[in-house]
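Undergrad: The following comprises the amino acid sequence and a computationally predicted model.
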Amino acid sequence: NAGVTQTPKFRVLKTGQSMTLLCAQDMNHEYMYWYRQDPGMGLRLIHYSVGEGTTAKGEVPDGYNVSRLKKQNFLLGLESAAPSQTSVYFCASSPPGLASDEQFFGPGTRLTVL
Amino acid sequence: GNSVTQMEGPVTLSEEAFLTINCTYTATGYPSLFWYVQYPGEGLQLLLKATKADDKGSNKGFEATYRKETTSFHLEKGSVQVSDSAVYFCALPSGAGTALIFGKGTTLSVSS
């Protein structure tokens, strides 16, 4: 099992450009998440999904959109990138019943917006 | 809503020293508590968890006890190694139980 994979690993964008980050998991998990990690801020939840076809906003959703067309994939889109979106992005998945189950993380995508 | 506060870093120790990283929480009820670890260049991975009050989670020589009286879940290790150098995150479920809330992370550096 590959676990949680993220594509790409690195990306540099210019302000105003768009891109999509892909997250895939092969553990048949219901829940998937997108976080961003910034120095001194820990991890902040952008969007999450509790099942195929569903998405919900997290703590910092502005400037991002997501889609969960297939259970195993969770896409994060930036329609018009801004320098404030320079960050490391992590995808995670978990089975339902979060109270006692762990989240499994991907290796991250380092995004720089110039 | 639920929240978590962990001690600021960085923490710098010599090999074989004792480690404590403080974590306190605010929550409705008694949710599960977690410690995650992030090694350089990698994603987070679960280090240990406790699912109810007075439980002790343990893994790789690390321990943390769920203390409801002090609303704490401090991470400890009796003798750290250079390979323990990483960022450590305390976490608990959000009030809705659909996501985790993470602390800001504590960077540990261990020198030989």
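TA: Sure, I can see it.

Undergrad: ok, now how distant is the closest residue to chain A within chain B from residue A:49?
TA: The nearest approach of chain B to chain A comes at residue B:43, 3.5 Å away (C-beta to the nearest C-beta). For every residue, glycine as well, the C-beta is placed using N, CA and C. Counting by C-beta to C-beta, to the nearest Å, the gap from residue B:43 to residue A:49 is 18 Å.

Undergrad: Please give me every residue in contact with the residue of chain A found nearest chain B.
TA: Closest to chain B within chain A is residue A:105: 3.5 Å, counting by C-beta to the nearest C-beta. Counting by C-beta atoms under 8 Å, 6 or more residues apart in numbering or on different chains, residue A:105 makes contact with A:4, A:90-92, B:43-45.

Undergrad: Can you name the residues that contact the spatially closest residue to residue B:67 that is not a sequence neighbour?
TA: Counting by C-beta to C-beta, 6 or more residues apart in numbering or on different chains, residue B:67 lies nearest to residue B:73, which is 7.1 Å off, once chain neighbours are set aside. With contact set as C-beta under 8 Å, 6+ apart, residue B:73 has these partners: B:23-25, B:33, B:35, B:50, B:64-67, B:90.

Undergrad: Now do the same for the residue nearest to the spatial centre of chain A: its pLDDT.
TA: Nearest to the geometric centre of chain A sits residue A:34, at 2.7 Å (C-alpha atoms, centre = their mean). In this prediction, residue A:34 carries a pLDDT score of 96.

Undergrad: Would you check that it makes contact with residue A:46?
TA: Yes - if you go by C-beta atoms under 8 Å, residue A:34 and residue A:46 touch, sitting 4.4 Å apart.

Undergrad: Overlap of the contact sets of these two?
TA: In contact with both residue A:34 and residue A:46: A:58, A:64, A:66, A:76, A:89, using C-beta under 8 Å, 6+ apart.

Undergrad: Residue B:109: which of these is nearest?
TA: residue A:89 (25.1 Å; C-beta to C-beta).

Undergrad: picking up where we left off before, residues touching the residue nearest to the residue of chain A closest to chain B when sequence neighbours are not counted, list them.
TA: Nearest non-adjacent residue to residue A:105, counting by C-beta to C-beta, 6+ apart: residue B:43, 3.5 Å away. For residue B:43, the contact set (C-beta under 8 Å, 6+ apart) comprises A:4, A:90, A:92, A:105-108.
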